[in-house]
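Chemist: Could you work out the structure for the sequence below:
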Amino acid sequence: MKPLILLISVFTLFTVISKFTTGDWNLVFAGNLAMCSMLCFTAIGHFVFSKGMSMIIPPFVPFKVGLVYLTGVLEILLAIGLLFASTRSFTGYLLILFYILISPANIYAANQHINIEKGTFTGPGPSYLWFRIPLQLLFIGWVYYFSIQMH
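Modeler: Alright, predicted model coming up:
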């Protein structure tokens, strides 16, 4: 829920500020800045909650903590790529692929009742997917619209 609130808040704030300072809503940049902010926020979780994040990776995958750190860095790099018109479209495609690839980890986490912040098995469980899957689709649609289609 926090990433969604941040995404909408940054988008709204920047569009209003942009309208008053430049006379234009600048929706494309606002959409990408909002996603950039959200990605940087969620990337922090990869470093602060690395134990819980590593728990959402299925057991057969090796080097879990290293993969968590790597995906945190990847999120930051993708976030930065959204800010530049020359890299925005390519970054958008990579980000959509990233969201698709992390979906199984989110499903696994829900089925295992993993609480990422606590690093325990006290999470909300499969009911969390009723929120998480539509949220993931919203993020994919957001990236497609603001980074690829409107580019």
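Chemist: what ranges of the chain fall below the confidence cut-off?
Modeler: Scanning the chain with the threshold set as pLDDT under 70 gives 151.
Chemist: in which helix or strand would I find the spatially most central residue of it?
Modeler: Geometric centre of the chain, nearest residue: residue 39, 4.6 Å, by CA atoms, centre = their mean. Residue 39 belongs to helix 27-48 when assigned by DSSP states H and E.
Chemist: From the contact counts, what lies against that helix?
Modeler: Under the contact criterion of 3 or more CB pairs under 8 Å, 6 or more residues apart in numbering; DSSP states H and E, helix 27-48 touches helix 2-22, helix 64-81, helix 85-111, helix 129-143. Bear in mind the C-beta positions are built from the backbone N, C-alpha and C, glycine included.
Chemist: thinking again about what came up before, and the gap between the closest residue to the residue nearest to the centre of the chain other than its chain neighbours and residue 1?
Modeler: Nearest residue to residue 39, sequence neighbours excluded (CB to CB, 6 or more residues apart in numbering): residue 79, at 3.8 Å. Here the criterion is CB to CB, to the nearest Å. By it, residue 79 lies 20 Å from residue 1.
Chemist: Which one of the two is surrounded by more residues?
Modeler: Relative neighbour count places residue 79 above the other of residue 79 and residue 1, with 22 against 7, counting by other CB atoms under 10 Å.
Chemist: residues in contact with that one?
Modeler: By CB atoms under 8 Å, 6 or more residues apart in numbering, the contact set of residue 79 is 35, 36, 37, 39, 40, 43.
Chemist: Can you flag the buried ones in the residues you listed?
Modeler: 35, 36, 37, 39, 40, 43 (16 or more other CB atoms under 10 Å).
Chemist: Please list the residues outside stretch 49-63 that contact it.
Modeler: Applying CB under 8 Å, 6+ apart, the contact partners of stretch 49-63 are 45-46, 64-65, 67-69, 104-106, 108-109, 112, 114-120.
Chemist: thinking again about what came up before, would CSV of the buried ones among the contacts of residue 79 with distance to residue 97 be doable?
Modeler: Shown next, in CSV, are these (distance: CB to CB, whole Å):
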residue, distance to residue 97
35, 15
36, 17
37, 21
39, 14
40, 19
43, 17
